[in-house]
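Trainee: Sequence first, then the predicted structure, then my questions.
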Amino acid sequence: MSTIRTNFGPVTNFTITLNGLAQVSARSSAKVENQNTRYVDAICQFKIKPASGSLGDRYAVYFFAWGAADDASPVYPAGVTGVDEAVSVTLETLPIREIGSLYVPAAGIIISPPFSVAQAFGNVLPPVWGVMAVNRCGLALDVTDNLAFWRGVQFEVL
């Protein structure tokens, strides 16, 4: 009798420049190509460090997933082009789905819980995808110590 179990790929850093991300600014990661690895999901986490200053109440950094079904000629949403770049967005009208947010209550390094990326796409990771961070924490992010990483999720039959 066969057993199916979850198999995780290696921990991989996103290509995204979060260091120094200004307040009310957004940044998109470079694309992650999934057509060869064929992960069904990706679990991602973010390490955020706000710069020194006074934080307000109820401020957060928001994380979104974007993707494309066509890996040969991808068409991306929300002004994304598939490279690590600043993106001009209005959080309230952003046409991509949020995968999570990280409340920033105080200075210091904050680690997000793991977020599923596939849930933004009906629970199946597309051939090309990436993430976007929107800083609404009330301060710029510090110029060091900000990081985003992920692990692919597959199933294996034993």
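Mentor: That came through fine.

Trainee: how long is stretch 122-133 end to end?
Mentor: 21 Å (CA to CA, to the nearest Å).

Trainee: which residues of the protein score low on pLDDT?
Mentor: Under the criterion pLDDT under 70, the flagged ranges of the chain are 56-58, 93.

Trainee: Which residue lies nearest the spatial centre of it?
Mentor: residue 131 (3.4 Å; CA atoms, centre = their mean).

Trainee: Spatially nearest residue to that residue, not counting backbone neighbours?
Mentor: With sequence-adjacent residues excluded and distances taken as CB to CB, 6 or more residues apart in numbering, residue 131 is closest to residue 29, at 4.9 Å. Yep, even glycine has a C-beta here, placed from its N, CA and C like the rest.

Trainee: Would you agree the one you found is in contact with residue 82?
Mentor: No - look at residue 29 against residue 82 with CB atoms under 8 Å: they stay out of range, at 9.1 Å.

Trainee: Which one's more surrounded, these two?
Mentor: The neighbour comparison of residue 29 against residue 82 (other CB atoms under 10 Å) goes to residue 29, with 26 against 18.
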